[in-house]
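I would like the atomic coordinates for the input below:
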Amino acid sequence: MAGLTDTEIKRAKAAEKAYSMGDGGGLYLWVKPTGGKLWRWSYRFDGKEKLMSLGKYPDVPLALARERHAEARKLLATGVDPMAQRKAEKTAEKISVENSFQSVTTQWLEHWQEGKSPRHVDSVRRRMASDILPCLGARPIAEIEAPELVAMANAIQDRGARDIAKRALETAGQVFRYGIAHGYAKRNPATEIRPSDILKSSPKINYARIDAKELPTLLRRIEVYQGKQVTRLAMKLMSMTFVRTTELIEAKWGEFDLENARWDIPTERMKMRTPHIVPLARQALEVLEMLREFTGSNEWLFPGDLNPAHPMSNNTILAALKRMGYKGRMTGHGFRGLASTILHEQGYAHDHIELQLAHAPRNAVSAAYNHALYLEPRARMMQDWADFLERTQRGGKVLPFRGTAA
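Residues are numbered from 1 along each chain as shown. Predicted structure coming up:
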């Protein structure tokens with residue numbers, strides 16, 4: 001759709017009822033019956049429709065409206081609600097006293113982030129900007145009471161983000177502890193409540209997965225997937241390596257040693273907080289060679305569509321499976337369960353399977369040794385697994401392994 005022009009906007013006349021003039025990407029000009037013209041942007045965040053005002057025309061001309069729209073879309077692509085961010089920024093502008101929660105938070109972040117991974121620091125900063133500071137930022141930290149924390153947590157929970165609400169309470173409590181240590185507050189109201197006092201219990205997650213007998217059909221549908229090729233290759237690589245979804249989508253080209261057929265996932269990206277080696281089968285190397293044609297110039301194997309400076313969303317694979325008819329029946333995580341079940345049934349050593357799934361218990365002393373333990377038999381197992389997937393996809397049925405159990 002062609003965008004608006006200055007001439008069209010100037011000629012737009014008031015009508016009996018308000019009406020909109022679209023410019024693309026959810027940006028539109030709202031013409032009121034009184035003749036006033038407002039820039040608005042309609043978008044979705046956390047599954048909810050939201051409407052953001054970008055200014056009044058002609059105070060905000062077309063070029064400036066598009067610039068503000070582009071900036072807001074970039075922010076949304078990083079997982080931050082633009083309206084919440086703007087509210088937090090306005091709150092920060094009003095802050096003048098040094099003992100406000102916002103001011104203490106800034107100091108705490110500077111102190112706390114030492115030694116933390118950039119990814120973790122960015123996650124906490126975004127959680128602060130979206131969920132905590134809009135509620136507490138302008139308040140003097142010494143005057144904040146437990147009911148205010150309860151209101152904050154309930155507001156987050158009400159949008160279906162129970163785990164984020166729990167983390168927000170924990171993070172706020174850390175800020176209060178810092179404030180007490182530096183004389184800004186005398187008590188920590190976060191310690192006066194427990195998440196279980198106000199938050200609904202979190203049900204155990206059972207990752208949906210198909211039965212093994214349905215695997216041939218799924219593999220064929222992945223092979224002919226009509227969506228983006230990068231998404232198709234992501235599903236293929238996940239099926240061959242059965243890593244966690246986050247470990248896959250946040251993979252960087254620098255982690256791969258294609259000459260030695262291995263993928264070294266660093267400590268900070270692993271759930272177990274220890275390094276992990278994924279031996280790469282011949283078929284996995286072929287997928288990576290194809291993927292290089294699409295994303296080889298980027299840091300990420302799977303860059304995001306809206307913002308290539310960040311990895312693809314963790315919902316991308318789930319959405320692709322949904323389009324293929326597997327809604328509620330299969331997830332990216334489901335490949336891990338399928339691999340574990342089938343490999344155990346074929347007689348592969350339990351220790352080898354658990355290590356490859358990064359399930360094995362580890363500690364700081366043994367981590368450097370364990371992550372490379374049984375590497376040769378694990379490499380043979382991974383090649384057998386990839387061969388099995390290839391035969392299953394081509395043959396249309398689940399066939400016994402031709403290899404020998406590790």
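
as a check, name the ranges of all strands in this protein.
Taking DSSP state E as the test, the strands found in the chain are 19-24, 27-31, 37-45, 48-57, 256-257, 262-265, 276-279.

Serialize these to CSV and add fields for mean neighbour count.
The way it works is simple: take the backbone N, C-alpha and C, and place the C-beta from them, glycine included. Listed next are those as CSV, based on neighbours: other CB atoms under 10 Å:
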stretch, mean neighbour count
strand 19-24, 14
strand 27-31, 21
strand 37-45, 18
strand 48-57, 15
strand 256-257, 16
strand 262-265, 19
strand 276-279, 22
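
show me where pLDDT drops low in the stretch 1-150 of the chain?
Per-residue confidence of the stretch 1-150 of the chain (counting by pLDDT under 70) places the weak regions at 1-2, 91-98.

ok, now with 50
Low-confidence regions of the stretch 1-150 of the chain, defined here as pLDDT under 50, cover residues 1, 95-96.

how about the helices in it?
Taking DSSP state H, counting those that start in this stretch as the criterion, the stretch 1-150 of the chain carries its helices at 6-11, 62-77, 82-94, 101-112, 118-127, 133-136, 146-158.

which of these is buried the deepest?
Mean neighbour counts were taken over these using mean count of other CB atoms under 10 Å, and the top value, a mean of 23, falls to helix 133-136.

list of residues touching it?
Outside of helix 133-136, the residues that reach it under the criterion CB atoms under 8 Å, 6 or more residues apart in numbering are 84, 87-88, 91-92, 101-102, 105, 144, 148-149, 151-152, 155, 172.

go through the residues you listed and name the one nearest W300.
Among the contacts of helix 133-136, A84 lies closest to W300 (CB to CB), at 26.1 Å.

how about the contacts made by that closest one?
With contacts taken as CB under 8 Å, 6+ apart, A84 has the following neighbours: 129-131, 134.

what's the spacing between E110 and P118?
15 Å (CB to CB, to the nearest Å).

again with A146
Computed with CB to CB, the distance linking A146 and P118 is 33 Å.

go on, L215?
Distance of L215 to P118, given as CB to CB: 38 Å.

number of residues surrounding G328?
G328: 8 surrounding residues under other CB atoms under 10 Å.

test my guess that it contacts A208.
Yes. Between G328 and A208 there is a contact at 5.8 Å, judged by CB atoms under 8 Å.

count the neighbours of Y225 for me.
By other CB under 10 Å, 18 other residues sit near Y225.

enumerate every residue touching it.
The contact partners of Y225, taken as CB under 8 Å, 6+ apart, are 231-232, 235, 320, 324.

can you check the pLDDT for it?
Y225 is assigned a pLDDT of 93 by the prediction.

now the helices: where do they sit in the stretch 251-400 of the chain?
Under DSSP H, counting those that start in this stretch, the stretch 251-400 of the chain gives helices at 282-295, 316-323, 334-345, 350-356, 367-370, 375-395.

hey, least reliable of those by pLDDT?
Of all the helices of the stretch 251-400 of the chain, helix 367-370 carries the lowest average pLDDT, namely a mean of 51.

partners of the nearest residue to P58 once chain neighbours are set aside in the sheet?
The shortest distance from P58 to any residue other than its chain neighbours is 7.7 Å, reached at K37 (CB to CB, 6 or more residues apart in numbering). In this entry, K37 is beta-bridged to V31, Y57, by DSSP bridges.

so what's K37 up against?
When contacts are counted by CB under 8 Å, 6+ apart, K37 touches 9, 12, 29-31, 56-58.

report the separation between the residue of the chain most remote from its centre and K32.
Checked against the mean C-alpha position of the chain, the extreme residue using CA atoms, centre = their mean is E16, at a distance of 44.7 Å. In this view, E16 and K32 are 11 Å apart by CB to CB.

same thing with D264?
Taken as CB to CB, the span from D264 to K32 is 59 Å.
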